[in-house]
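Engineer: This is a predicted model, with the sequence first.
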Amino acid sequence: MPAVIQVKRGTASSWTSANTVLAAGEIGYETDTGKMKVGNGSTAWTSLGYTVTDGDISSVTAGTGLSGGGNSGGVTLSLSTPVAVAYGGTGITSFGSGVATWLGTPSSSNLAAAVSDETGSGSLVFGTSPTITTPIITLGTSTPTFSANAYTLVSGDQYKFLLSSNGSTAGTVNIPTNATVAFPTGTQITIIQTGSGQLTITAATLATTTVLSAGATAASPKLRVQYSSATLIKVATDTWYVVGDIS
């Protein structure tokens with residue numbers, strides 16, 4: 001008859017209640033969770049870490065086999081299923097075949113930035129947050145073409161400087177309805193009157209779009225003189241503020 005080897009066993013609650021000190025190398029099994037712990041002869045049950053097995057874990061945290069537990073001396077993970085790793089100490093020092101790419105040394109910041117199972121292969125990808133040094137945002141310029149001394153903003157005008165050289169003839173810049181051009185809320189467009197023809201900024205459809213400004217006519221402010229400028233700021237679906245050198 002084959003030999004039968006039995007290990008100490010009980011429910012998780014009964015183990016916790018008894019808080020047994022297992023002998024060195026002695027195995028304790030939780031019948032309701034399927035988890036095991038291995039004793040070291042001095043550490044009570046609740047302070048031991050669970051053993052780590054391939055394929056039956058969804059997360060590994062400090063104190064359960066990687067650091068702060070019974071296996072703090074070192075664990076190699078080579079997993080076929082995705083695993084989220086939470087860093088809680090110095091117990092993680094190297095990574096096996098379950099990690100596709102490792103950038104930098106183990107640290108809480110690196111692990112917090114981990115992306116698990118990007119390709120479905122069960123691998124872990126670790127990286128650090130990017131650092132942007134001296135960021136520079138360059139805004140483009142555009143010279144709109146006035147038809148019958150009027151120009152209606154288009155989607156390509158977003159975050160640009162519009163240079164209006166409308167000669168000596170007065171002109172109008174029309175703000176379209178959101179239904180016509182859905183500029184995102186927060187859009188800013190700056191208009192500079194480079195010509196001598198005074199520009200008026202207004203809504204293409206007054207009944208739909210609200211324009212607010214400190215101009216004499218709030219809904220239709222004018223650029224004050226040549227080389228004056230004004231910034232159009234979209235603050236709601238069909239509401240714009242106009243601020244700048246206006247009259």
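Structural biologist: Received, thanks.
Engineer: Next, count neighbours for the nearest residue to Lys37 once chain neighbours are set aside.
Structural biologist: Leaving aside its chain neighbours, Lys37 sits nearest to Leu48 (4.4 Å; criterion: C-beta to C-beta, 6 or more residues apart in numbering). Just so you know, the C-beta spots here come from the backbone N, C-alpha and C atoms, and that holds for glycine as well. By the other C-beta atoms under 10 Å criterion, the neighbourhood of Leu48 contains 24 residues.
Engineer: Quick one: list the elements packing against the longest helix that the chain contains.
Structural biologist: Longest helix of the chain, by residue count under DSSP state H: helix 12-18. The contact analysis (3 or more C-beta pairs under 8 Å, 6 or more residues apart in numbering; DSSP states H and E) places helix 12-18 against strand 27-30.
Engineer: Under the pLDDT cut-off, which ranges of the chain? List them.
Structural biologist: The model of the chain has pLDDT under 70 over residues 1, 52-130.
Engineer: strands paired with the longest strand anywhere in the chain, and their directions?
Structural biologist: Using DSSP state E, we find that the single longest strand of the chain is strand 229-236. Under the criterion DSSP bridges, strand 229-236 sits next to strand 188-193 (antiparallel), strand 239-244 (antiparallel) in its sheet.
Engineer: Let me have these in a markdown table, adding mean neighbour count as columns.
Structural biologist: Shown next, in a markdown table, are those (neighbours: other C-beta atoms under 10 Å):
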| stretch | mean neighbour count |
| --- | --- |
| strand 188-193 | 21 |
| strand 239-244 | 19 |
